Each structure stands twice: as structure tokens, then as C-alpha cells.
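Need coordinates for the following:
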Amino acid sequence: MTERRHPVIAFLVPSPFEILDLTGPVSVFERATKNGERHYLIQILSTRSGGTVETAGGMSIGNALKFSDYVGPIDTLIAIGGDGAVAEQSPELPKWLQERAPYIRRIASICTGAFILAGAGLLDGHRVATHWLWCDLFKNRYKHLRVERDPIFIKEGKFYTTAGVTAGIDLSLALVEEDLGHAVAAEIARILVLFLRRPGGQSQYSTLLAQQEEIEDARMRDLPVWVKAHLNRKLDVEDLARAAAMSPRTFMRQFKTQFDTTPARWVQSLRVEAVMQHLEERSTSLSKIAHMTGFRDEQALRRALRQQIGLTPNQYRERFGELGRDRGLLPERLFEDEARV
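So this is what the prediction gives:
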């Protein structure tokens, strides 16, 4: 009886690196089992000599090999992000990547690990994701690449690029799902207490977080959270003003300054964002989602979703929800405003 070969997940780690870029994905792959045994082997490849790699905070992790000293097979190569990834690499590294790439089934980057792959020319002709903080520098350095600021991760052929830090966990779950199915990936997510599995095309930065960051008025800063908690009720200007402890007149003046839109459009955008999260769970009916998110009926929900993201609920589920994952689909692209509020 022939011994089963375990796919090798090789992490290419430039010191100093972001620790969660490595440990998050490793935690996912280590828990992936098939027929009662671990499915993957993990190998750490350092971009420099010595048996360790170092985090930005000075922590060392051993059992690393310099990339050029490793001669075994690689099923999936993942370039890890951090300051070391943005720094200039030795000429030996891109040459090694170019020679190895044709023989590797999947090649990925986490966060600024995309700088390493781009520096070797592996991402030429592809759409690319990286951490939103580094997008401008990435665009300036690699002007010929199409850098997308929003997606959690992007898959193009055998190349995968991700947003920052925890996005590596989302990608790792998606890769496990490709190999071993939805049930295995879902069980790993439960073990790691990942209550929400984000699809690749979902924005790195939710509307709620983005808005909270830029709000100057303390009374307005808590408004997005309050609205999110009360989406299933009527939310007119009087309700919003009361929640912000303002008169309707003052509220309207402050709201326009802070959000640069109307309250109706703003509330609808939060409703649609909530709808998208619910649609990722196949078990929740559309009528129930409409009720939970404050739309008067399914038709109003459908209209708002199509206006805002250009998809019907079924199309969104097929691309980004559990239904799409059960069919073995991964989001290949990011899909680029008034119902009753």
C-alpha cells in the first residue's frame, strides 16, 4: 500500500514579518484533516540565511530553512507580509520564485507579501489585493498592476492575493474548502471561533468602520452602531435625531457635514450591508432577512440590493454565500442608490 503524500504549504517569510499573517493561516491548515490525519505539511522558508524568522516585535520562530536550501515539493506557496516584505529583496529571491512558480499548484500572498510576488513579476497581468494602508505605495511601485483596495482576497487562476493580517485566515479557509470541502472548512472556523467567514469579494473595510473612523462629533460617532442595532424598525429623521440627542434641525445640519449624503440613503446602505451578511447564510429565508433588516418586503430588499451592488439576492448567494461555496465556487471578481427607511 502506497503512503499518501501530504501537500506542502510553504510560507515564504521575510523578517521582520507580521506575526498574525503567519500564525493565523498555520492554525487553519494544521486543523485540516482527512481520514483522521492532518492533510497538510507546513514548511517555513526564510528569505535570509539562518534557522529563524523574526516578527516586527522581535519574537523569533525557528525550524525555518532559507528558500534556496529547500528542495522538496511545494503544493501551495504563501508569501507573508510585514516590513520585510516591503523592503528590497536579494536578486536571488525573484529568480528562485520565477523558476519554482511553474511547478507550484497555488501561489498566494498575505497583506504586503504581494510586494514579494510582484517584485518577481508573478502578478503581471493580474488584479491584486493588499492591505489598504499599503495600496498607494504598491500602485506607485508597480504601476502596471491593477491594484484593488476593497477585496478581502482576489483569486486569478492559481494566484491569490489578500488584504491585511486576518484576511490570511479567510484565504486559508477558502483554500481548505477548495481541497477538502465546505464541511471541513466550516468545522475549522467553528474550532477557531470564527463566527463570520468573509467571502473574498467582501470589502476589507465595512461601511460602519469606515464611517466611525472619520466622525468628529461624539454624538454622531455612536450613531452607526445604534442604527445597526435597530435596523428592523422605522428609522426616520426624528428617530435618528433622538438617538443622537439633537433636534431634527441640528441633526440634519450635522449629518450632512459628517456623512455627505441624506439620512435615507445612509440608512439604506447600512441595511444592504446587513442583508449581504445574512445572505451568506443559506438557511435564512429572504422574507426573514427583509424583516430583520427593516425592508417592508422582499421586493424592496431586492430592489435596494440591485441598486447598490448590481446583484439579485440569488446572484449574491451564488457568488459569495455558502451556496456558492458548496458548488466549489470562489469569488473571482468584486462587484461594483431608495427603499423605505
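
What are the structural domain limits within this protein?
Listed domain ranges for the chain are 8-191, 207-326 (source: automatic domain parsing).

most packed of these?
Highest mean neighbour count among the domains of the chain (mean count of other CB atoms under 10 Å): domain 8-191, with a mean of 19. Where you see a C-beta, it was placed from the backbone N, CA and C, and this is true even at glycine.

any idea where the helices of the stretch 101-250 of the chain begin and end?
Taking DSSP state H, counting those that start in this stretch as the criterion, the stretch 101-250 of the chain contains helices spanning 114-119, 135-141, 167-180, 182-191, 207-214, 218-221, 223-229, 237-243, 248-259.

so which of the ones you listed gets nearest Gly310?
In terms of CB to CB, the element of the helices of the stretch 101-250 of the chain nearest to Gly310 is helix 207-214, at 16.6 Å.

By mean pLDDT, show me the worst of the helices of the stretch 101-250 of the chain.
In terms of mean pLDDT, the lowest-scoring of the helices of the stretch 101-250 of the chain is helix 207-214 (a mean of 59).

can I get the helices of the stretch 101-250 of the chain in TSV with distance to Trp266?
TSV is the format used below for these (distance: least, CB to CB, whole Å):
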stretch	distance to Trp266
helix 114-119	33
helix 135-141	25
helix 167-180	27
helix 182-191	32
helix 207-214	8
helix 218-221	11
helix 223-229	8
helix 237-243	9
helix 248-259	5
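
Go through the domains of the chain and find the least confident stretch.
domain 207-326 - the lowest mean pLDDT of those, at a mean of 84.

which one is Glu238 nearest to, not counting chain neighbours?
Once flanking residues are discounted, Glu238 sits nearest to Pro248: 5.8 Å by CB to CB, 6 or more residues apart in numbering.

repeat for Thr52
Nearest residue to Thr52, sequence neighbours excluded (CB to CB, 6+ apart): Ser60, at 4.4 Å.

which residues pair with the one you found across the strands?
Glu54 (DSSP bridges).

Check the one 4 residues further on too.
Ala64 forms beta bridges with Ile44, as assigned by DSSP bridges.

got the contact list for the residue nearest to Glu238?
By CB atoms under 8 Å, 6 or more residues apart in numbering, the residues touching Pro248 are Val237, Glu238, Ala241.

contacting residues for the first one?
When you say that, I think you mean Val237. Residues in contact with Val237, defined by CB under 8 Å, 6+ apart, are Pro248, Phe251, Met252, Pro263.

roughly how far apart are the last one and Ala174?
For Pro263, the distance to Ala174 (CB to CB, to the nearest Å) stands at 37 Å.

Likewise for Gln254?
Distance from Gln254 to Ala174, counting by CB to CB: 41 Å.

go on, Ala163?
Ala163 sits at a distance of 13 Å from Ala174 (criterion: CB to CB).

Common neighbours of the two, please.
Here Ala163 and Ala174 have Phe153 as joint contacts, going by CB under 8 Å, 6+ apart.

helices and strands around the lengthiest helix in the chain, which ones?
The longest helix of the chain (DSSP state H) is helix 263-279. Judged by 3 or more CB pairs under 8 Å, 6 or more residues apart in numbering; DSSP states H and E, the packing partners of helix 263-279 are helix 207-214, helix 223-229, helix 237-243, helix 248-259, helix 286-293, helix 298-309, helix 313-320.

Which of the contacts of Val237 sits closest to Phe138?
Checking those against Phe138 with CB to CB, the nearest one is Pro263 at 36.1 Å.

how about the contacts of Val237 in TSV, adding distance to His291?
As requested, the contacts of Val237 are exported to TSV (distance: CB to CB, whole Å):
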residue	distance to His291
Pro248	27
Phe251	27
Met252	28
Pro263	21
